[in-house]
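S.K.: how would this look folded up:
(one chain, ligands or ions: 1)
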Amino acid sequence: MIDLGECDYLIVGAGATTLAFLDTLVTELPDDTKFVLVDKKAAPGGHWIDSYGYVQLHQPSIVYGIASKQLEGNWLKCMLTQFMMPWNHRANKIEILKYFADFVEENKKQIDFYSDSVYDFEKSNEDVHFFSSMDGSVSYKVKVNVKLIDGSANENIVPHNSPLQFPVDEEVRVMTTNQVYDAHNENQKEMRTNKYVVLGAGKTGMDAVVYLQRTMKIDPVDIAWVISQDVWMSSLNGGGSPKSHSILLLKYDNDMQKAALEGEEQRSIVRLDKDIMPTVFKFPLVSDEELKLYRNVKTIIRRGRATAIRRRANSKDDDDDGVVVEFGSGDDHSPWEAFAPIDKCVFVHATSPGPFVGSFTAYQPDHQEKKEKETPSIGIFNSEKKMTLNLLFEPPISISVSCLAKIEASRNKGTLDLECMKRLMLARMKMKGEEEKSSSSIDSREDNNNNYTENEMLDALLQQYELTAARPMLNLAVFLSICDKDPLVSMKWMKQNRLAFLGSIPGFKCHVCNGVQKFITKGIIDGKKVGLTEQDMRMLEPMKEQIQPLEGM
Ligand SMILES: Cc1cc2nc3c(=O)[nH]c(=O)nc-3n(C[C@H](O)[C@H](O)[C@H](O)COP(=O)(O)OP(=O)(O)OC[C@H]3O[C@@H](n4cnc5c(N)ncnc54)[C@H](O)[C@@H]3O)c2cc1C
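M.R.: As a prediction, the model looks like this:
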């Protein structure tokens, strides 16, 4: 066992989430703050390392990555050498991996990076932490003075690392998107003679449909697509942003269907087929060209989730064996006989769930009732010595975790507005006993003596994002209220942060005062419908007073 001595922060995972968090901490805290960063993979970058070769950001690079460095690079260079306006830049896998690796390398005086190493959640305790190399040959021990930062909560398990979760007969040709990319690079001719069945309609499945047509030049009649549920998507060309949805949700009291239909009219929200009402909203941003390529595919199989892929032995007068996809449940779950013989039919495995699959992005009409039945969130401010990184606002995650790091740095430096936090807490706790209990431990605590710790207050005030009209705006209002004694200072920080719309889009306003005022007006009648709890509603008035200097911004 190697004893590494002490560090200030131990960070689990070196994906986009933790790197954005770490970058802000490095910027905000003194140069002698020591970080130990541990990841199972060989390099920084998380899921991007294992993603298919043609993967690319689906939203502009200008709001993704870390705050201290532009992912799109120098704007003039971007225009002169790539002939591209910087806000149209969407980084590819190579660019993203280099960007993250450079950040860790450039800060190696402060960051000790242990690649190919796994953190041991079971064995570690609040002060002493353990991790070991992936092959188990080396074990490490380190004392953590400030905090453990868990950035593994939204780990993306990409199809490449997770085989299909149902039986598949041996002869069936299944390829991950990575394998399709490699095989096409090796033998384009052979790959063009196949027919393809894409399994899954998340980001990976959508990218596969585009790659097959755009790069491999597969005729769309030779592509079939198994879609278990249709999703609402954001339009890249229609000026859509994840923010548009919160605004529409507020207008329609969280009724996803009405909000999405108006978004569709405004062209900020799109769906694959206008005759089919999606049941889920996820956050892919798709361009008009990509949407056209998806719609080119006419063989769409909507029979729920596939449960098996079987060889179908040939009949006497038929030379080739066929292949059949079986489905489990749903109105029509009859088997689908694929359109090519087994040796010419490639199943493209794109079925891993991807990130943020939990309840909080399931944007459904009965969202409110569903939510109540689901397990409570794991929270962010778990204890004085542990934080779990999660979203505060709509994806991309980068700005959420940069704000969390700013809060952590302010807490560390003693510049949080504790008085304001107490005022908000007291307002939340007023008339205790009459309201339903919230998932937050402090809001349901019986022995309220008002002596809340900083962590308890943060845990109650800043809650994990959920797809409701109110939560993202409320989190923003809380952040601006408490991060510094002067909300103008927090706002200035936000405006200078390239990861925030406020920072990256000239003239963009967050209208936070307006938002809080709207919640106050709505709260009396139907606050719950937009996702506000009783406790949230009670802190709106003192919060409005606190952020008053931000009126009009
Ligand atoms: C194909 C694809 C495309 C995407 N495109 C976009 C996009 O364009 N825009 C966008 O905003 N989002 C996109 N996403 C979402 C993406 O998940 C987030 O942007 C972000 O990368 C999530 O990063 P993460 O760090 O939370 O997770 P990951 O990238 O999965 O990183 C988690 C890391 O934690 C490590 N880890 C886990 N447990 C341990 C342990 N015990 N010990 C040590 N290490 C551990 C893992 O090895 C991993 O490296 C995409 C996702 C996928 C799959």
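S.K.: Figure out the helix or strand that the closest residue to Met85 other than its chain neighbours lives in.
M.R.: Nearest residue to Met85 in three dimensions, chain neighbours excluded: Met79, at 6.7 Å (Cβ to Cβ, 6 or more residues apart in numbering). For the C-beta atoms, the positions are set from N, CA and C on the backbone; glycine is no exception. Assigned by DSSP states H and E, Met79 falls within helix 75-82.
S.K.: Next: Leu426.
M.R.: Per DSSP H and E: Leu426 is located in helix 418-429.
S.K.: Flag every buried residue along the helix holding Met79.
M.R.: Under the neighbour-count criterion of 16 or more other Cβ atoms under 10 Å, helix 75-82 has Cys78 buried.
S.K.: average model confidence for it?
M.R.: In this model, helix 75-82 has a mean pLDDT of 84.
S.K.: what's near enough to touch whatever residue of the stretch 351-500 of the chain ends up closest to the ligand?
M.R.: Per Cβ to the nearest ligand atom, Pro396 is where the stretch 351-500 of the chain lies closest to the ligand, at 3.1 Å. Residues counted as contacts of Pro396 (Cβ atoms under 8 Å, 6 or more residues apart in numbering) are 16, 59, 63-64, 499.
S.K.: 7 Å instead, please
M.R.: Pro396 is in contact with 59, 63-64, counting by Cβ atoms under 7 Å, 6 or more residues apart in numbering.
S.K.: can you put the residues you listed in a markdown table and add pLDDT?
M.R.: Putting the contacts of Pro396 into a markdown table (pLDDT from 0 to 100) gives the following:
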| residue | pLDDT |
| --- | --- |
| Gln59 | 85 |
| Val63 | 90 |
| Tyr64 | 95 |
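S.K.: of those, list those near the ligand.
M.R.: Contacts with the ligand are made by 59, 64 out of those, judged by Cβ under 6 Å from any ligand atom.
S.K.: Now go through the contacts of Pro396 and say which are in strands.
M.R.: With strands defined by DSSP state E, no entry of the contacts of Pro396 lies inside them.
S.K.: top of the contacts of Pro396 by neighbour count?
M.R.: Tyr64 (24 neighbours; other Cβ atoms under 10 Å).
S.K.: Any figure for the gap between the nearest residue to that residue once chain neighbours are set aside and Phe519?
M.R.: Spatial nearest neighbour of Tyr64, chain neighbours left out: Pro396 (5.2 Å); criterion: Cβ to Cβ, 6+ apart. Distance from Pro396 to Phe519, counting by Cβ to Cβ, to the nearest Å: 25 Å.
S.K.: ranges for the helices of the stretch 151-300 of the chain?
M.R.: Per DSSP state H, counting those that start in this stretch, the stretch 151-300 of the chain carries helices over the ranges 177-186, 188-192, 203-214, 242-251, 256-266, 288-296.
S.K.: what comes into contact with the fourth one?
M.R.: Spelled out, it's helix 242-251. So helix 242-251 is contacted by 234, 259, 262-263, 268, 281, 283, 394-395, 468-469, 472-473, 501, 518, 530 (Cβ under 7 Å, 6+ apart).
S.K.: circling back to that earlier point, which of the helices of the stretch 151-300 of the chain sits closest to the ligand?
M.R.: Closest to the ligand of the helices of the stretch 151-300 of the chain, according to Cβ to the nearest ligand atom: helix 203-214, at 4.9 Å.
S.K.: Quick check: next helix or strand after the lowest-mean-pLDDT helix or strand in the chain?
M.R.: Lowest on mean pLDDT, DSSP states H and E among the helices and strands of the chain sits helix 367-373, with a mean of 43. Using DSSP H and E, the next helix or strand after helix 367-373 towards the C-terminus is strand 386-388.
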